[in-house]
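Enquirer: Provided below are the primary sequence and the corresponding predicted coordinates.
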Amino acid sequence: MSESQTSYYLEPFLDSLWLESGLSQHTVDAYRRDLLAFSAWLAQFDIDLVSATQLDIQRYQSQRLREGRKVRSEARLLSSLRRFYRYLFREDILDSDPTAQLDSPRLGRSLPDSLTEAEVEALLAQPDITEPLGLRDRTMLELLYAAGLRVSELVSLQFEQVNLRQGLIRCIGKGNKERLIPIGEIALDWLQQYLYESRPAILNGQITDDLFPTRRGKAMTRQAFWYIIKRYAGQAGIEKHLSPHTLRHAFATHLLNHGADLRIVQLLLGHSDLSTTQIYTHVAKERLKQLHGQHHPRG
């Protein structure tokens, strides 16, 4: 199948993911990469995407596993293929779905990396708040931890999404789902200080609705803020493996450690399924075990 022929089926499918399912552009791009990689592999056997069989998919999976691909990566690949071939079947392009009889790889339950409360405090203390950009960074870190936001949600915040009087953020999450999040007095104080002192100095007369702009008056990218987090973590001496979601994980874990109800944490995180939030109960239990072992005379 030529590149134009591939696009003939692929692009309408990707459009449907965005229009009908409300998936983010980041997720849609991941589906595109998976399907183009499979299409390129099929091309060496003169097979196109629409003609691929269950056996072709299994052969492709086997090769990737021999190459050392992780099980989680293979699960995402199969998810991409499933949605694509179900789309073709639903649109009467295919008579049958070649993924219908395929089993998903069994995933182990992985615990998200988190930080202790002391490590969070050390991380938050790193920005130089005497500088406008340092005060901006401190406010972003405080807000990320106080509200459990995704990094993508944080950097895309608009000025009108913040209600200082009520101490609330109106956040637009995955699938364009909206949720209201309280941010607490400490983060609110930092946000007010940033808005009155730092933001005007950063913009220097430029106009933007972005809550956390760069000196160019543009919204910060996820990648740029992730670099900032890693830099401050290095300064704080934090050697744990960090991800862009590390402070979000810490937010959820610390809430549960202090007795928060799981369903409240689910609402604050914006999880549609409680089972997604339940992973944090395992993290909290591990922390309780450690505390018991350290402090109980029979630990």
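Expert: That came in fine, so what should we check first?
Enquirer: only C-alpha atoms from now on, for both contacts and neighbour counts.
Expert: OK.
Enquirer: so who does Phe84 touch?
Expert: Contact partners of Phe84, counting by Cα atoms under 8 Å, 6 or more residues apart in numbering, are Phe13.
Enquirer: where's it, which helix or strand?
Expert: helix 71-90 (DSSP states H and E).
Enquirer: please identify the buried residues of whatever helix or strand comes next after that helix?
Expert: Using DSSP H and E, the next helix or strand after helix 71-90 towards the C-terminus is helix 117-124. Within helix 117-124, the residues that count as buried by 16 or more other Cα atoms under 10 Å are 119-120, 122-124.
Enquirer: can you pull out the helices in the stretch 101-250 of the chain?
Expert: Using DSSP state H, counting those that start in this stretch, the helices assigned to the stretch 101-250 of the chain run over residues 117-124, 132-147, 151-155, 184-193, 199-203, 222-235, 246-257.
Enquirer: report the rounded mean pLDDT for the third one.
Expert: Along helix 151-155, the predicted local confidence has a mean pLDDT of 90.
Enquirer: report the contact partners of the residue nearest the centre of the chain.
Expert: Per Cα atoms, centre = their mean, the C-alpha nearest to the average position across the chain is that of Arg150, at 5.7 Å. For Arg150, the contact set (Cα under 8 Å, 6+ apart) comprises 144, 244-245, 248.
Enquirer: for stretch 148-161, buried residues please.
Expert: Neighbour-count burial for stretch 148-161 [16+ other Cα under 10 Å]: 148-158, 161.
Enquirer: let me see the domain layout of this protein.
Expert: 3-90, 117-295 (automatic domain parsing).
Enquirer: on that earlier part again, how about the buried residues of stretch 148-161 in a markdown table, adding distance to Glu178?
Expert: Listed next are those as a markdown table, based on distance: Cα to Cα, whole Å:
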| residue | distance to Glu178 |
| --- | --- |
| Gly148 | 14 |
| Leu149 | 12 |
| Arg150 | 13 |
| Val151 | 16 |
| Ser152 | 14 |
| Glu153 | 11 |
| Leu154 | 14 |
| Val155 | 16 |
| Ser156 | 13 |
| Leu157 | 12 |
| Gln158 | 14 |
| Gln161 | 11 |
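Enquirer: between those residues, which is closest to Asp15?
Expert: Of all those, Asp15 sits closest to Ser152, with 21.0 Å by Cα to Cα.
Enquirer: so the closest one makes contact with Ala224?
Expert: No - with contact defined as Cα atoms under 8 Å, Ser152 does not reach Ala224; the gap is 11.0 Å.
Enquirer: related to what we said a few turns ago, quick check: phi and psi at the residue nearest to the centre of the chain.
Expert: The phi and psi values for Arg150, taken as degrees, to the nearest 10, are phi -70, psi 150.
Enquirer: now do the buried residues in the helix or strand hosting Tyr8.
Expert: Using DSSP H and E, Tyr8 falls within helix 3-19. For helix 3-19, burial by neighbour count (16+ other Cα under 10 Å) applies to 6, 9-10, 13-14, 17.
Enquirer: by contact count, what packs against that helix?
Expert: helix 25-43 (3 or more Cα pairs under 8 Å, 6 or more residues apart in numbering; DSSP states H and E).
Enquirer: now do the helix it packs on, average pLDDT.
Expert: 89.
Enquirer: now do the helix or strand following it against helix 71-90, angle only.
Expert: Following helix 25-43 in sequence order, the next helix or strand is helix 54-66 (DSSP H and E). Per axes from the mean of the first three to the mean of the last three Cα atoms, to 10 degrees, the angle that helix 54-66 makes with helix 71-90 is 160 degrees.
Enquirer: identify each buried residue in helix 54-66, please.
Expert: For helix 54-66, by 16+ other Cα under 10 Å, it's 56-57, 61.
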